[in-house]
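Novice: show me the folded form of this:
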Amino acid sequence: MVNSNEILLNAFKLGYAIPQFNITNLEWVKYILEKCEELRSPVILGASEGAVKYMGGYNVIYSLVSSLYEDLNITVPVVLHLDHGTSIESCKKAIDAGFTSVMIDASKYELEENIRITKEVVEYAKFKNVSVEAEVGSIGGTEDNITSDVRYANIDDCDIFVRETNVDSFAPALGTIHGNFKKELNIDFDRMFKIKEITNIPLVLHGGTGVSDELIKKSILNGICKINIDTELKNVWNEAVREFIEEDKEEYDPRKIIGSGETAIKEMVDKKVNLFGSINKA
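Specialist: Coordinates of the predicted model:
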């Protein structure tokens, strides 16, 4: 496995985006890896703190991903990333377990404190050759059962933050929303482009669910190099499994029940890889 610099810098240079697919269980990791290998796409596997708790811990997730990477004979670049790490301690635990990338999300604090916390994570991560992502502003919606409002990133704050922290990738809040949302998006593309120009590092788009293909393509043109996909995977898997259970109420084998969502997951991975332009970029 690699850190995100080894794939995001090329995406930044050539104008495409790498998908981050958030993982929930063994099956999802397997499906995503298999499909990305078939499509020859680099991929980032994101694990939120909630997923870490559900799946048994940082060491469990690292062992699971690294074992599947080997046993499935995966050859495309794979990043194992902590998504929205809320503390220095959680980021250090992920790094020590073998994660190759972490996001420290101290965006709820004032800029000075966000910088202080992020710098401490960066210092620890660099020593272990781990890449670091961070956030300024507030990406609204619901993430791991925590709900927040949109607070657009201030351009001057972004400039100061990136220069002082030396993060590898950056997620400014630009109007997207985590989770299943019902309100109309107001993505600030002018702000996105200015932040790209002033920071000159790969930008990350959180809250990709529900963003139209047209807006995704426009985001990539304006500097987005990594796009996170979580809720859309859950939605299509949920629909497929519910349909399977409805059609066969007598089935009790969890392998068949969980596995009934495989095609839906792989179709979504295929769609996003092609949309983002990362196909055949491994």
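
Novice: which helices and strands does the helix or strand where Y62 lies pack with?
Specialist: Y62 is part of helix 58-71 when elements are defined by DSSP states H and E. Contact partners of helix 58-71 among helices and strands, from 3 or more CB pairs under 8 Å, 6 or more residues apart in numbering; DSSP states H and E: helix 26-39, helix 49-55, strand 78-85, helix 88-97. For the C-beta atoms, the positions are set from N, CA and C on the backbone; glycine is no exception.

Novice: any chance of those in JSON lines, plus mean pLDDT and mean neighbour count?
Specialist: Formatted as JSON lines, those follow (pLDDT from 0 to 100; neighbours: other CB atoms under 10 Å):
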{"stretch": "helix 26-39", "mean pLDDT": "98", "mean neighbour count": "20"}
{"stretch": "helix 49-55", "mean pLDDT": "97", "mean neighbour count": "17"}
{"stretch": "strand 78-85", "mean pLDDT": "97", "mean neighbour count": "27"}
{"stretch": "helix 88-97", "mean pLDDT": "98", "mean neighbour count": "19"}
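
Novice: which of the ones you listed sits closest to I7?
Specialist: Comparing those against I7 with CB to CB, the closest turns out to be strand 78-85 (6.8 Å).

Novice: what residues are up against the spatially closest residue to I224 that is not a sequence neighbour?
Specialist: Nearest residue to I224, sequence neighbours excluded (CB to CB, 6 or more residues apart in numbering): L205, at 4.6 Å. Neighbour list for L205: 17, 171, 174, 176, 211, 216, 219, 224, 226-228 [criterion: CB atoms under 8 Å, 6 or more residues apart in numbering].

Novice: the same query, at a cut-off of 10 Å, please.
Specialist: 17, 20, 139, 171-172, 174, 176, 187, 192, 211, 215-216, 219-220, 222-229 (CB atoms under 10 Å, 6 or more residues apart in numbering).

Novice: repeat that for L64.
Specialist: Contacts of L64 by CB under 10 Å, 6+ apart are 23, 25-26, 29-30, 45, 47, 55-56, 80.

Novice: any weak-confidence spans in the stretch 101-250 of the chain?
Specialist: 139-150, 178-185 (pLDDT under 70).

Novice: in it, mark out all the helices, start to finish.
Specialist: 111-127, 155-165, 189-199, 213-221, 231-247 (DSSP state H, counting those that start in this stretch).
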